[in-house]
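Trainee: fold the following and give me the result.
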Amino acid sequence: MSKAFAEVKLFQVRPDRVAEFEALIGEIVEEQGKQPGCLGISYMRRSHVIDEIGLPPRELTRIVKCVKYYSYWRFDTIEAFGEAEAWFFRGYMKRIMRCLIMPFDINSGYEM
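Mentor: Predicted structure coming up:
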């Protein structure tokens, strides 16, 4: 049984660019899902924090420095991932970077 190759990105978005970033992701996500070998793509906006284990997480009420978003992108092969990542950087890197306080963090590896 082969394991999927996955990538997690962390985007730290400027508070004044949240609407622009979310609109851009709305545009990108459908195309990301159509990349050859893609098994799935999803995004999450950090909106809650855990104060105490066993209780429901508390909703964040203010933005301190940035709004955090995470993406999780899965592929059937590492080669398909490499091609899709090149597509992503060529087409969207500049537009995404305008929305961020710092370059996004990328972590990748085989699923367990």
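Trainee: just want the phi and psi numbers for the residue positioned nearest the centre of the chain.
Mentor: Centroid-nearest residue in the chain, with C-alpha atoms, centre = their mean: S71, separated by 2.1 Å. Reported as degrees, to the nearest 10, the phi and psi values for S71 are phi -120, psi 150.
Trainee: so how far is E52 from it?
Mentor: Spatial separation of S71 from E52 under the definition C-beta to C-beta, to the nearest Å is 28 Å. (Glycine included, C-beta is placed from N, CA and C.)
Trainee: contacts only, for Y69.
Mentor: For Y69, the residues meeting the contact criterion (C-beta atoms under 8 Å, 6 or more residues apart in numbering) are 10-11, 13, 21, 25, 43-46.
Trainee: so what strands line up beside whichever strand or helix holds it?
Mentor: Secondary-structure element containing Y69, defined by DSSP states H and E: strand 67-75. Paired with strand 67-75 in the same sheet, following DSSP bridges, are strand 5-13 (antiparallel), strand 38-45 (antiparallel).
Trainee: so which of those strands gets nearest G82?
Mentor: Set against G82 and scored by C-beta to C-beta, these come closest in strand 5-13, at 9.2 Å.
Trainee: the closest one: how far from the chain's middle?
Mentor: Once both centres are worked out by C-alpha atoms, centre = their mean, to the nearest Å, strand 5-13 turns out to sit 4 Å from its chain's centre.
Trainee: what about the helices in this structure?
Mentor: In the chain, helices defined by DSSP state H lie at 18-33, 78-97, listed in chain order.
Trainee: output these as CSV; include the columns mean neighbour count and distance to K65.
Mentor: Listed next are the helices of the chain as CSV, based on neighbours: other C-beta atoms under 10 Å; distance: least, C-beta to C-beta, whole Å:
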stretch, mean neighbour count, distance to K65
helix 18-33, 14, 13
helix 78-97, 14, 17
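Trainee: can you lay out those helices as JSON lines showing distance to I106 and mean pLDDT?
Mentor: Formatted as JSON lines, those follow (distance: least, C-beta to C-beta, whole Å; pLDDT from 0 to 100):
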{"stretch": "helix 18-33", "distance to I106": "14", "mean pLDDT": "96"}
{"stretch": "helix 78-97", "distance to I106": "9", "mean pLDDT": "96"}
